[in-house]
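Peer 1: Sequence and predicted structure are below.
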Amino acid sequence: MNLTLKIWRQKDSKAKGQMVDYKVTEISEHMSFLEMMDVLNEQLVNSGEEPVAFDHDCREGICGMCSMYINGEAHGPDRGITTCQLHMRMFNDGDTITIEPFRAAAFPVIKDLVVDRMAFERIQQAGGYISVNTSGNTQDANNIPISKHAADEAMDAATCIGCGACVASCKNSSAMLFVGAKVSQYALLPQGQVEAADRVQNMVAQMDLEGFGNCTNTGACEVECPKGISLENIARMNREYLSASLKG
Amino acid sequence: MSGILNSSIGRKFAMALSAFFLMIFVLQHFVINLFSVLSPDTFNEISHFMGTFWVIQYVIQPILIIGVIFHFVMGFVLEIKNNKANGVKYAKNNGAANSTWMSRNMIWSGGFILVFLVIHFIDFWIPEINTKYIVGDMSGMHNGEFRYFHELQEKFVPIWRVALYCVGFVFLALHLLHGFDSAFQSVGANNKYTKGLKGFGKAYAIIIPLGFIFIALFHHFNH
Ligand code: HEM
Ligand code: SF4
Ligand code: FES
């Protein structure tokens, strides 16, 4: 199929970017969206133009790097997938596709479609871990009884890949789904209890410091999340946070 | 308390608490108004009680006013903060694909409710305060009978006010269609019980505003 692409081009973090139109031809419906981008870039390189910079790594929905806002949605129109898992069969011959970087004040554009998501990293560093003694006499995790239900919920929360689609989709650029998932994966397990109060307070403080917005509970994040992280994680984070604040 | 307002979750929690309070207030206001249709005498008695009992006048009424002011000021604060967090706008954004119109436009539905409330204050509250505390007439009487029901009827004669009422309550319905569930989520309640509350929330959000509209129309056509 033949497509018109409207792509955000921005030379560097300081430059003022703009939307630029491109044409690609003979795109197979079996291609992934990133393969289609590769075709475009090959075309640009051959004609001596600067290729479009975009993030990608695993190309199988694991790493969370492939941040693209496609036709007004994070990772495009399909559900439960990342951009690398988006197939060109979701589009029709002759379509115009708008491709933009993930937008949020806390995710500044580095170049073209590449954004800086280090804010997520700093939130994790603020509390997204547990402290365990690894000197050789570490207790076997299987010795600690955990209910199947809690284990399942913690595992579901832990599937968050830190892609940032939740922030990109949110009208307030709120990071609460991401932080909610990261808080929950520990809050649900006994190993996470010891540092639970500090963890949630420090992670939320860092989230606010990074300039993410306040949640309005629109639920856009949950719909666009490639891993199906549920809003229940935000409610759990709110409970954890409020009870931690009460304890002082 | 001021500490909690410095965090995003704390602000949302306070927003939800003020909203719960407003929803309870709106419910009791509706029940009282309903008596103006069912039994004008009862309506007069309740109005007189509400208007003169000191606990309501000097304790509950100030809390309510503070609650309303807190709610809309915080609404505007959140809106400004969120716009700032949003940064550069998308050239193409398909919000309808993942969220409801109501949830994305709380500031607009809320803004219209505020316009309505200002007019409502000028219409009912200021004359009440004037009669009771400036003129000093606490009797609630006019020409030998309770004045409340007649005053209410008078207000709903002009069609413009009735129309404004209807529009105001349509916006309240839109506000609550998202707000009711949202307030539970904000205080951290999202479990098998709140799933059941969703239906109740939708019913509340539609029946109460429709009820207010019905009462306004009833008095307009039964004068
Ligand atoms: C006076 C004018 C009003 C304004 C300007 C206003 C504004 C807002 C805004 C902007 C929000 C969303 C806050 C956010 O982003 O999370 C909100 C939430 C809400 N409002 Fe209002 N509102 C008003 C009146 C009311 C009234 C009269 C009621 C109830 C009868 C009400 C009930 C709610 C509820 C239940 C929520 C959801 C709270 C939450 O998400 O935690 N509002 N309001
Ligand atoms: S919660 Fe979902 S959308 Fe947000 S970062 Fe994690 S995987 Fe991505
Ligand atoms: S490139 Fe790794 S998730 Fe898409």
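Peer 2: Cool, got the structure. Numbers count the residues shown, from 1 in each chain, chains lettered A, B, ... in the order given. Ligands and ions are numbered 1, 2, ... in the order given.
Peer 1: just the strands in chain A please.
Peer 2: Remark: strands assigned in chain A by DSSP state E are A:3-9, A:18-24, A:69-70, A:73-74, A:96-100, A:109-111, A:114-115.
Peer 1: For stretch A:192-212, buried residues please.
Peer 2: A:192, A:196-197, A:199-208, A:210-212 (16 or more other Cβ atoms under 10 Å in any protein chain shown). For glycine as for every other residue, the C-beta is placed from the backbone atoms N, C-alpha and C.
Peer 1: Up against ligand 1, what does chain B have?
Peer 2: B:12, B:15-16, B:19, B:22-23, B:26, B:68, B:71-72, B:75, B:78-79, B:106-107, B:110-111, B:113-114, B:117, B:175, B:179-180, B:182-183, B:186 (Cβ under 6 Å from any ligand atom).
Peer 1: Pull out the buried residues from those residues.
Peer 2: B:12, B:15-16, B:19, B:22-23, B:26, B:68, B:71-72, B:75, B:78-79, B:106-107, B:110-111, B:113-114, B:175, B:179-180, B:182-183, B:186.
Peer 1: out of those residues, which are inside helices?
Peer 2: B:12, B:15-16, B:19, B:22-23, B:26, B:68, B:71-72, B:75, B:78-79, B:106-107, B:110-111, B:113-114, B:175, B:179-180, B:182-183, B:186 (DSSP state H).
Peer 1: Of those residues, which ones also sit close to chain A?
Peer 2: Within the set of those, contact with chain A (Cβ under 8 Å from any Cβ of the partner chain) is found for B:12, B:78, B:106, B:182, B:186.
Peer 1: would you turn those into CSV with distance to A:Gln124 and pLDDT?
Peer 2: Shown next, in CSV, are these (distance: Cβ to Cβ, whole Å; pLDDT from 0 to 100):
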residue, distance to A:Gln124, pLDDT
B:Lys12, 22, 94
B:Leu78, 26, 97
B:Met106, 31, 98
B:Ser182, 28, 96
B:Ser186, 24, 96
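Peer 1: near ligand 3, which residues of chain A?
Peer 2: A:56-59, A:61-66, A:82-84.
Peer 1: between these, which is nearest A:Gly180?
Peer 2: Using Cβ to Cβ, A:Gly64 comes nearest to A:Gly180 of the residues of chain A next to ligand 3, at 16.2 Å.
Peer 1: can you count the residues close to whichever residue of chain A sits closest to ligand 1?
Peer 2: Residue nearest to ligand 1 within chain A (Cβ to the nearest ligand atom): A:Thr216, separated by 3.6 Å. Counted with other Cβ atoms under 10 Å in any protein chain shown, residues neighbouring A:Thr216 total 27.
Peer 1: For chain A, which helix extends over the most residues?
Peer 2: Longest helix in chain A, counting by DSSP H: helix A:232-247.
Peer 1: Distance of the residue lying closest to B:Gly211 once chain neighbours are set aside relative to B:Val68?
Peer 2: Nearest non-adjacent residue to B:Gly211, counting by Cβ to Cβ, 6 or more residues apart in numbering or on different chains: B:Phe30, 5.6 Å away. In this view, B:Phe30 and B:Val68 are 16 Å apart by Cβ to Cβ, to the nearest Å.
Peer 1: Check A:Met37 too.
Peer 2: 51 Å.
Peer 1: right, and the helix or strand after the one helix or strand the residue nearest to B:Gly211 maps to?
Peer 2: Take DSSP states H and E as the rule and B:Phe30 turns out to sit in helix B:8-38. Moving toward the C-terminus from helix B:8-38, the next helix or strand (DSSP H and E) is helix B:40-52.
Peer 1: what comes into contact with the next helix or strand after that next one?
Peer 2: Sequence order places helix B:54 as the next helix or strand after helix B:40-52, per DSSP H and E. Where contact means Cβ atoms under 8 Å, 6 or more residues apart in numbering or on different chains, no residue beyond helix B:54 reaches it.
Peer 1: Please give the centre-to-centre distance between helix B:54 and its chain.
Peer 2: 22 Å (Cα atoms, centre = their mean, to the nearest Å).
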